[in-house]
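A.B. asks: Sequence plus predicted model, see below.
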Amino acid sequence: MTSARSEEHGHRDSANDEVAQSGLVPQLGTMLRALWAAPARNVLVALATTIFIVVAVTAYGQIRLNSWNKPFYDALSHRDFHQFLIQLGVFAIIAGLLLVLNVAQRWLTEMLKLKLREGLTLDLVHHWLLPRRAFRLTNAGPMGINPDQRMHEDARHLTELSADLGIGLLQASILLITFIAVLWALSSDFAFHIAGRVIAIPGYMVWAGIIYAGSASFLSYWVGRNLIGSNAERYAREADLRFSLVRVNEHIDAISLAAGEADEARRIKVDLEAVLAATRRLITGLTNLTWITAGYGWFTLVAPILVAAPLYFSGSISFGGLMMAAGAFNQVQSSLRWFVDNFSTIADWRATLLRVASFRRAVILTDALHDVESRIVFADGAAGKIKIENLEIASPAGCTLLEEPIAEVAAGERVLIIGEPGTGKTLLFRALAGLWPWGAGRITRPKDEEIMYMPRAPYLPPGTLGEVLAYPRKVETFTSRAFTDALYLLGLRRLVPLLDASRRWDRELSEDEQQSLAFARAVLHAPPWLLIDEVLDSIDDDTRARVLSIFATNLKHTGIIHIGRGKTRDALFARVLHLIKDPTIRRLARQGAPVARATTPAQRSAADG
């Protein structure tokens, strides 16, 4: 229970950190820049302009409908049946036109939501999938957690709320301006008669509406001001729960084999409890807010009549005028109360805006992560040579470095880099690939020469088997014979008839077949350089024999760097480099924590002690 509480407090701190760095204007600016750069920009402008026109015409129709109240109710009070029928006909015309405008506004609103989501999601995906950014974002702290949630659910929710709230605010503003003029005209010369004294209050009903709605807005803000943080926290916890469920589903084989279902259920329960706790806090805030919104909502049923009653009883207006004044007051205070009626939705919108804007900013600025750290220099050099100079790779666990200060690999040469477990072999692989820039030293790669990278677990994208082999190029780049030959060389002849079949190959094939398919991809692409992360250490002997044969024949001109364990040594590799670990130097901070460096011998000795 203690660990669960600690985890919950950590989650809450993360959500509070986001709220602390919130700023409405900068976040709105970020979103507007994203939408302005979107391909759908012109469509968005056209939709917004059309919606403005429709809302303005609708407001005019509502003024005409409000004016209709006076002759209609006067006809009723005078029992004038002929005039009553005429006014019913007028009502049918006005209501029919308003109905058409309402339908048009609904269609335009939904189309605006659609285009907003298209523009925002494409912008987020574009920045996220720029070279190296998605990987680096995973090392950017809490902002790199669950990016799918922010680009999918949060982006959808933000665009829908933005459209609804934006159009609602526009409508409320136009109605406020127009009906204030009506109310002012009705009560422009109103005066109270108290104890023989005359107290004139020009525009009495306007001021009454402002005071009424202003008090409701102030109380709503005061009671519900914590809802933004509560919503942000709930969304963060929902994302954590979703990630846990997806993770269990993806690794259900290993979990079942280890009989770990109970442990996974416990972990999911912790995440669920965090969601429920965040939701309970949100429910409490919404309940408290409902006392204000519902209370004012019920009182609003009689408030317009009460405010207009002095005009009616003083003889300033007729019964029809009373109903007209009540309708205009309703429109004014309803417009002024827009903030009250939508406060919980605004809090939800602010929380969602915070998550999406913070994510977009983090994606764009992720290359500046740990900017205080020194960086590895990546340079383009002459063709046919990879050069590594004084390489030190900083990580939170310490420094990974090559024992040899300078290493050159020539075209077609095969070099083995060995290291004991825990020395950071995958970290070296990522640094050589340019994914991990933090540290020191220089890596010079041949300009305009392709380097194919082979991680421990091969990536098999969705699509046909031919698309998997050709990835990231197009299938049309290679001949059908080239695909067949590559599969035959790796002992995958059974897959030849399936080249045009589209399946989940990461689930369809065994681990050995997936590794073989990765080498078949290398045969197909025949790159000038191949960088491998421990793959030769994990494949079976038959596959390894095939791969070594391919290196000696089909890929004899390919330069190969294999990062692995010492047992991989054989005649394939002409040279061996050594990877070592020094945990006392160039320690990378964790999520902005202070960086501890020990660079002198005395400092290293103190750190070792």
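C.D. replies: Nice, thanks for sending it over.

A.B. asks: Every contact and neighbour count from this point should use C-alpha atoms.
C.D. replies: Will do.

A.B. asks: Which parts of the chain are strands?
C.D. replies: Counting by DSSP state E, one finds strands in the chain at the ranges 191-194, 197-200, 377-381, 385-395, 398-402, 406-410, 414-418, 439-446, 451-454, 463-464, 502-503, 529-533, 559-564, 575-582.

A.B. asks: Among those, which comes closest to T49?
C.D. replies: With C-alpha to C-alpha as the measure, strand 463-464 is the member of the strands of the chain nearest T49 (41.5 Å).

A.B. asks: which residues sit against that closest one?
C.D. replies: Strand 463-464 is contacted by residues 499-504 when judged by C-alpha atoms under 8 Å, 6 or more residues apart in numbering.

A.B. asks: Could you give me the ChimeraX selection string for whichever of those residues are buried?
C.D. replies: To isolate the buried members of the contacts of strand 463-464 in ChimeraX, using 16 or more other C-alpha atoms under 10 Å:
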select :499
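
A.B. asks: Out of the contacts of strand 463-464, which is nearest to S215?
C.D. replies: R504 (59.4 Å).

A.B. asks: How about that closest one: what's its closest non-neighbour residue?
C.D. replies: Closest residue to R504 apart from its sequence neighbours, by C-alpha to C-alpha, 6 or more residues apart in numbering: P462 at 6.0 Å.

A.B. asks: Pull the contacting residues for that neighbour.
C.D. replies: 468, 502-505.

A.B. asks: one step back: columns pLDDT and distance to A172 on top of the contacts of strand 463-464, output as TSV?
C.D. replies: TSV is the format used below for the contacts of strand 463-464 (pLDDT from 0 to 100; distance: C-alpha to C-alpha, whole Å):
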residue	pLDDT	distance to A172
L499	93	59
D500	92	57
A501	91	56
S502	89	52
R503	87	52
R504	85	51
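
A.B. asks: which among the contacts of strand 463-464 gets closest to F378?
C.D. replies: Nearest to F378 out of the contacts of strand 463-464 is R504 (C-alpha to C-alpha; 36.0 Å).

A.B. asks: ok, the closest one to L460 distance?
C.D. replies: 8 Å (C-alpha to C-alpha, to the nearest Å).

A.B. asks: Contact partners for N288?
C.D. replies: By C-alpha under 8 Å, 6+ apart, the contact set of N288 is 223-224.

A.B. asks: tally of neighbours for F299?
C.D. replies: Counted with other C-alpha atoms under 10 Å, the neighbours of F299 add up to 10.

A.B. asks: again but with I393, I slipped
C.D. replies: The burial count for I393: 29, using other C-alpha under 10 Å.

A.B. asks: re earlier: can I get the strands of the chain in JSON lines including distance to A259?
C.D. replies: Converted to JSON lines, these look like this (distance: least, C-alpha to C-alpha, whole Å):
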{"stretch": "strand 191-194", "distance to A259": "82"}
{"stretch": "strand 197-200", "distance to A259": "83"}
{"stretch": "strand 377-381", "distance to A259": "46"}
{"stretch": "strand 385-395", "distance to A259": "34"}
{"stretch": "strand 398-402", "distance to A259": "35"}
{"stretch": "strand 406-410", "distance to A259": "47"}
{"stretch": "strand 414-418", "distance to A259": "35"}
{"stretch": "strand 439-446", "distance to A259": "41"}
{"stretch": "strand 451-454", "distance to A259": "32"}
{"stretch": "strand 463-464", "distance to A259": "33"}
{"stretch": "strand 502-503", "distance to A259": "29"}
{"stretch": "strand 529-533", "distance to A259": "30"}
{"stretch": "strand 559-564", "distance to A259": "31"}
{"stretch": "strand 575-582", "distance to A259": "35"}
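
A.B. asks: between these, which gets nearest to R117?
C.D. replies: Of all those, strand 463-464 comes closest under C-alpha to C-alpha, at 25.9 Å.

A.B. asks: What ranges does the stretch 501-609 of the chain have for its helices?
C.D. replies: Along the stretch 501-609 of the chain, the segments classed as helices by DSSP state H, counting those that start in this stretch run 505-508, 511-525, 535-538, 541-552, 601-608.

A.B. asks: what's the most buried one of those helices?
C.D. replies: The highest mean neighbour count among the helices of the stretch 501-609 of the chain, using mean count of other C-alpha atoms under 10 Å, belongs to helix 511-525: a mean of 21.

A.B. asks: So what sits opposite Y453 in the bridge?
C.D. replies: L531 (DSSP bridges).

A.B. asks: ok, back up a step: between the helices of the stretch 501-609 of the chain, which one is nearest to E449?
C.D. replies: Using C-alpha to C-alpha, the helices of the stretch 501-609 of the chain put helix 511-525 closest to E449, at 12.5 Å.

A.B. asks: Now find how far off-centre the closest one is within its chain.
C.D. replies: In terms of C-alpha atoms, centre = their mean, to the nearest Å, the centre of helix 511-525 is found 34 Å from the chain centre.

A.B. asks: how about the nearest residue to the residue sitting nearest the centre point of the chain, chain neighbours excluded?
C.D. replies: With distances taken as C-alpha atoms, centre = their mean, R150 lies nearest the centre of the chain, 2.2 Å away. Of all residues not flanking R150 in the chain, V356 sits nearest, at 6.0 Å (C-alpha to C-alpha, 6+ apart).

A.B. asks: Please determine how far the one you found is located from W349.
C.D. replies: V356 is 10 Å from W349, by C-alpha to C-alpha.

A.B. asks: list the contacts for the closest residue in space to V377 that isn't next to it in sequence?
C.D. replies: Distance criterion C-alpha to C-alpha, 6+ apart; nearest residue to V377, sequence neighbours excluded, is R442 at 4.6 Å. Going by C-alpha under 8 Å, 6+ apart, R442 touches 376-379, 387-391.

A.B. asks: rerun that using 10 Å as the cut-off
C.D. replies: Neighbour list for R442: 375-379, 387-392, 406, 432 [criterion: C-alpha atoms under 10 Å, 6 or more residues apart in numbering].

A.B. asks: For V535, see how far away L401 is.
C.D. replies: With C-alpha to C-alpha as the criterion, L401 and V535 are 21 Å apart.

A.B. asks: correction: I177
C.D. replies: 71 Å.

A.B. asks: got it, and A410?
C.D. replies: 22 Å.

A.B. asks: Count the neighbours of the closest residue to P461 other than its chain neighbours for me.
C.D. replies: In space, P461 comes closest to V468 once its chain neighbours are excluded; the distance is 6.0 Å by C-alpha to C-alpha, 6+ apart. Using other C-alpha under 10 Å, V468 has 22 neighbouring residues.

A.B. asks: what does the one 5 residues further on give?
C.D. replies: Here the number of neighbours of R473 (other C-alpha under 10 Å) works out to 12.

A.B. asks: residue contacts, it?
C.D. replies: Contacts of R473 were listed using C-alpha under 10 Å, 6+ apart, and they are 467, 525.

A.B. asks: before we move on, what about L428?
C.D. replies: Contacts for L428 (C-alpha under 10 Å, 6+ apart) come out as 391-393, 400-402, 417, 434-436, 533, 563, 579.

A.B. asks: Is H562 in contact with R456, as I believe?
C.D. replies: No - using C-alpha atoms under 10 Å as the test, H562 is too far from R456 to be in contact (11.2 Å).

A.B. asks: Could you tell me which residues touch both of these two?
C.D. replies: Both H562 and R456 are contacted by 532-537, under the criterion C-alpha under 10 Å, 6+ apart.

A.B. asks: Only C-alpha atoms, please: export stretch 445-458 in PDB.
C.D. replies: The C-alpha coordinates for stretch 445-458 follow below in PDB (Å, rounded to 0.1, in the frame of the first residue of the first chain):
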ATOM      1  CA  ARG A 445      30.400   8.700 -40.800                       C
ATOM      2  CA  PRO A 446      30.900   8.500 -44.500                       C
ATOM      3  CA  LYS A 447      28.800  11.100 -46.300                       C
ATOM      4  CA  ASP A 448      26.100   9.800 -48.700                       C
ATOM      5  CA  GLU A 449      26.700   6.200 -47.800                       C
ATOM      6  CA  GLU A 450      23.900   4.200 -46.300                       C
ATOM      7  CA  ILE A 451      24.400   2.600 -42.900                       C
ATOM      8  CA  MET A 452      21.900  -0.100 -42.100                       C
ATOM      9  CA  TYR A 453      21.200  -0.600 -38.400                       C
ATOM     10  CA  MET A 454      20.200  -4.000 -37.000                       C
ATOM     11  CA  PRO A 455      18.900  -3.800 -33.300                       C
ATOM     12  CA  ARG A 456      18.500  -6.800 -31.100                       C
ATOM     13  CA  ALA A 457      14.800  -7.100 -31.800                       C
ATOM     14  CA  PRO A 458      14.000  -6.600 -35.500                       C
END
